[in-house]
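Peer 1: Make a model of this:
(2 chains)
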Amino acid sequence: MLPFDEAERRDREGSRARGSPPVWSVSRLSAEIRRLLEEGLPTLWVEGEVSNFKLHSSGHRYFTLKDESAQIACTMWRTRTPPPIDLRDGLKIRAQGRVTIWEQGGRYQFDVITVTPAGLGGLQLAFEELKRRLAAEGLFEQSRKRQLPRFPHAIGIATSPTGAAIHDLAWGFSARYPPARLFLIPVAVQGEGAAEQIAGAISLYNRLSSVDVIIIGRGGGSLEDLWAFNEEIVVRAIVASKIPVVSAVGHEVDVTLADFAADVRAPTPTAAAALVVPDRREMLELLASKSDRLTANLTRTIALWKQKLGAVRDSYGFRRAEYRVADERLRLDDAARRMLGALERQVSERMLVIKGLTGRIEALSPKAVLKRGFSVIHNENGVLVRSSRDVQIGGKLAARFGSGHAALYVEQKWDD
Amino acid sequence: MTEIKELQTNRPTFEEAYRRLEEISRKLEDGSTPLETSFELYEEGRKLIALCQKMLDEAERKITLLKLGPEGVISEEIKID
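Peer 2: Numbers count the residues shown, from 1 in each chain, chains lettered A, B, ... in the order given. Presented below is the predicted three-dimensional model:
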């Protein structure tokens, strides 16, 4: 092939000499087509159905993408990231790439960089394949799931800054448990680059190590909208995270691979708060009963020491003659009496206040309900079980009775 | 990284306060704790309960936005509406 300038020069000379229209060489025409196509069509996405798929022994993939009325030859070099789904004839895909010209062969083709499944069938297929592959690696194993902290201090959220999910999460957390600090790394939750951004946010939280729970999520949408949460890069970021990850994606019925990998799956962003932090009202009740017990214990301790002191006093009176340090004893006795008197006064004042409160607290307390013969069941994550739908056969539960606890295994269940 | 550290206060976290409270409860239940210590523990316990209650009643409604810029992580406080 001639250099472009050279070809042009000759054409100019030729046309001048003969006064006829310029005649192009094949090489020049080919080079011009190449320039027009490659400049005019930048890297783009094309959707179509795969046919004539061949995986060459060299590792390169060759196929044709077609729709009802056209087709284009495609190559995907071995060095490209392997497709998330095995390519095969009939599969609908979206391919990212650019048009290139093979000048020697006089043909153009689409040089494919990445492939994603397209259409509901394709997505469903890709979901199942990826799920099977990652499950086989053990990434969804229950045994590698981490426990959430009981009182999270800082919660790291990765979601869209403008979606419904951030609103639901922020309100849920601040209403239920104000001591938690909320952080947000804004990310795209659908479309190109969303999966990379979500995975990036998880690893950024891990690098900063300033949060003790990470929540990734978004509001509801189609399988396509939620697709970022099915991508391998997101699943691997969750698995690699040293900080427990909660997924809160879409509605109750939407299940993503992120849900399988996450340490806890929240059915919706709104439900996430209840799974991650304690409820302030329950905590206030607990604190009130703690206060009550504190006073009762101090009263008991004082009574105990009074008893000991009484014994000393008696023995002092009884064995007076044997003691040489009578003055010291007297002083000690007196000091002890004064201290006890002061303590008792303070305690009885507080007891009066607390007695009033206790009656009210008892009425509210779940303990009062338990004493009447009801039990409270929690699952292994400490979450209250309200329905048989929330338990699994073979699962472990913890029951709290009026007095004492027990671990339970679910043998059978009946959902009604 | 430093930006986030600076935002943290000296106040104990709810968890730290609550754990200490549980520790105090245990010690007070143990009859062998000296009387004076018991009294001090009792006072500390009351203060921790008040602190925990205060934390549960505070409603800050704030969220800290984190963005990765060329200079590292920038944080920005925004109100929840």
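Peer 1: What helix or strand is the residue in the stretch 251-400 of chain A that chain B sits nearest to located in?
Peer 2: Using CB to the nearest CB, A:Asn297 is the residue of the stretch 251-400 of chain A that sits closest to chain B, at 4.0 Å. The C-beta positions use only the backbone N, C-alpha and C, and glycine is treated the same way. Using DSSP states H and E, A:Asn297 sits in helix A:280-318.
Peer 1: Does anything pack onto that helix? Which helices or strands?
Peer 2: Packing contacts for helix A:280-318, counted by 3 or more CB pairs under 8 Å, 6 or more residues apart in numbering or on different chains; DSSP states H and E, involve helix A:326-364, helix B:14-29, helix B:35-57.
Peer 1: The residue of the stretch 251-400 of chain A closest to chain B: how many residues sit nearby?
Peer 2: By other CB atoms under 10 Å in any protein chain shown, the residues close to A:Asn297 number 23.
Peer 1: where does the residue positioned nearest the centre of chain B fall, phi/psi-wise?
Peer 2: Centroid check for chain B by CA atoms, centre = their mean gives B:Thr13 as the closest residue, at 1.9 Å. B:Thr13 adopts backbone torsions of phi -70, psi 170, taken as degrees, to the nearest 10.
Peer 1: between the helix holding A:Asn297 and helix B:14-29, how many degrees?
Peer 2: Inter-element angle recorded for helix A:280-318 and helix B:14-29: 30 degrees (by axes from the mean of the first three to the mean of the last three CA atoms, to 10 degrees).
Peer 1: how about helix A:280-318: buried residues?
Peer 2: Buried positions in helix A:280-318, judged by neighbour count with 16 or more other CB atoms under 10 Å in any protein chain shown: A:280, A:283, A:285-292, A:294-295, A:297-299, A:301-302, A:305-306, A:309, A:316.
Peer 1: Next, the angle helix B:35-57 makes with that helix.
Peer 2: Orientation of helix A:280-318 against helix B:35-57 (the same axes, to 10 degrees) gives an angle of 170 degrees.
Peer 1: For burial, what's the neighbour tally of the nearest residue to B:Thr37 once chain neighbours are set aside?
Peer 2: Leaving aside its chain neighbours, B:Thr37 sits nearest to B:Lys27 (7.7 Å; criterion: CB to CB, 6 or more residues apart in numbering or on different chains). Residues within reach of B:Lys27, counting by other CB under 10 Å, total 15.
Peer 1: A:Thr162 now?
Peer 2: 9.
Peer 1: so what's the backbone phi/psi at it?
Peer 2: Phi and psi for A:Thr162, reported as degrees, to the nearest 10, are phi -120, psi 0.
Peer 1: Would you mind measuring from it to A:Gly219?
Peer 2: According to CB to CB, to the nearest Å, A:Thr162 and A:Gly219 sit 11 Å apart.
Peer 1: separation between the residue lying closest to A:Asn230 once chain neighbours are set aside and A:Leu343?
Peer 2: Once flanking residues are discounted, A:Asn230 sits nearest to A:Leu257: 4.6 Å by CB to CB, 6+ apart. According to CB to CB, A:Leu257 and A:Leu343 sit 62 Å apart.
Peer 1: swap in A:Gln307?
Peer 2: Taking CB to CB, one finds A:Gln307 at 14 Å from A:Leu343.
Peer 1: before we move on, what about A:Thr270?
Peer 2: According to CB to CB, A:Thr270 and A:Leu343 sit 50 Å apart.
Peer 1: out of the two, which sits in the more crowded spot?
Peer 2: Counted by other CB under 10 Å, A:Thr270 and A:Leu343 do not tie: A:Leu343 has more neighbours, with 21 against 17.
Peer 1: Would you map the helices across the stretch 151-300 of chain A?
Peer 2: Counting by DSSP state H, counting those that start in this stretch, the stretch 151-300 of chain A has helices at residues A:164-176, A:194-208, A:232-240, A:257-261, A:269-276, A:280-318.
Peer 1: Out of the ones you listed, flag the one nearest A:Asp89.
Peer 2: Across these, A:Asp89 has its closest neighbour in helix A:232-240 (24.1 Å, CB to CB).
Peer 1: Do any residues in the closest one lie close to chain B?
Peer 2: No - counting by CB under 8 Å from any CB of the partner chain, chain B has no neighbours in helix A:232-240; the shortest distance is 15.0 Å.
Peer 1: Between helix A:194-208 and that helix, find me the angle.
Peer 2: Interaxial angle, helix A:232-240 versus helix A:194-208 (the same axes, to 10 degrees): 20 degrees.
Peer 1: what's in contact with helix A:232-240?
Peer 2: Helix A:232-240 is contacted from outside by A:84, A:130, A:134, A:139, A:144, A:195-196, A:198-200, A:202-203, A:206, A:216, A:228, A:245, A:247, A:257-258, A:260-262, using CB atoms under 8 Å, 6 or more residues apart in numbering or on different chains.
Peer 1: Quick check on these: which are buried?
Peer 2: A:84, A:130, A:134, A:139, A:195-196, A:198-200, A:202, A:206, A:216, A:228, A:245, A:247, A:257-258, A:260-262.
Peer 1: okay, and for the stretch 201-350 of chain A, where does confidence drop off?
Peer 2: Low-confidence segments of the stretch 201-350 of chain A (pLDDT under 70): A:309, A:312-333, A:335.
Peer 1: go again using 90 as the cut-off
Peer 2: Confidence mapping of the stretch 201-350 of chain A against pLDDT under 90 gives the ranges A:209-210, A:221-225, A:251-254, A:270, A:280-283, A:286, A:288-350.
Peer 1: ok, what's across the strand from A:Val50?
Peer 2: On the basis of DSSP bridges, A:Val50 is bridged to A:Leu65.
Peer 1: And the pLDDT for it?
Peer 2: At A:Val50, the pLDDT value in this model is 93.
Peer 1: And A:Ser388, how close does it get to A:Leu397?
Peer 2: Taken as CB to CB, the span from A:Ser388 to A:Leu397 is 11 Å.
Peer 1: that older thread, spatially nearest residue to the residue nearest to the centre of chain B (excluding sequence neighbours)?
Peer 2: Setting aside the residues directly before and after it, B:Thr13 is nearest to A:His153 in space (CB to CB, 6+ apart), at 4.5 Å.
Peer 1: Of the helices and strands packed on helix A:280-318, which is nearest A:Arg28?
Peer 2: The closest of the helices and strands packed on helix A:280-318 to A:Arg28 is helix B:14-29. By CB to CB, the value is 75.2 Å.
Peer 1: quick one: contacts of that closest one?
Peer 2: Here helix B:14-29 makes contact (CB under 8 Å, 6+ apart) with A:149-151, A:153, A:179, A:290, A:293-294, A:297-298, A:301, B:12, B:33, B:37-38, B:41-42, B:44-45, B:48-49, B:51-52, B:55-56.
Peer 1: Now that helix - C-alpha only, PDB.
Peer 2: Presented in PDB, the C-alpha positions along helix B:14-29 are these (Å, rounded to 0.1, in the frame of the first residue of the first chain):
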ATOM      1  CA  PHE B  14     -23.200   4.600  72.300                       C
ATOM      2  CA  GLU B  15     -21.700   1.200  72.200                       C
ATOM      3  CA  GLU B  16     -18.800   2.100  74.500                       C
ATOM      4  CA  ALA B  17     -21.100   3.800  77.000                       C
ATOM      5  CA  TYR B  18     -23.500   0.800  76.900                       C
ATOM      6  CA  ARG B  19     -20.700  -1.800  77.400                       C
ATOM      7  CA  ARG B  20     -19.300   0.100  80.400                       C
ATOM      8  CA  LEU B  21     -22.800   0.200  81.800                       C
ATOM      9  CA  GLU B  22     -23.100  -3.600  81.500                       C
ATOM     10  CA  GLU B  23     -19.700  -3.900  83.200                       C
ATOM     11  CA  ILE B  24     -20.800  -1.700  86.100                       C
ATOM     12  CA  SER B  25     -24.000  -3.800  86.400                       C
ATOM     13  CA  ARG B  26     -22.000  -7.000  86.700                       C
ATOM     14  CA  LYS B  27     -19.600  -5.500  89.300                       C
ATOM     15  CA  LEU B  28     -22.500  -4.200  91.400                       C
ATOM     16  CA  GLU B  29     -24.200  -7.600  91.300                       C
END
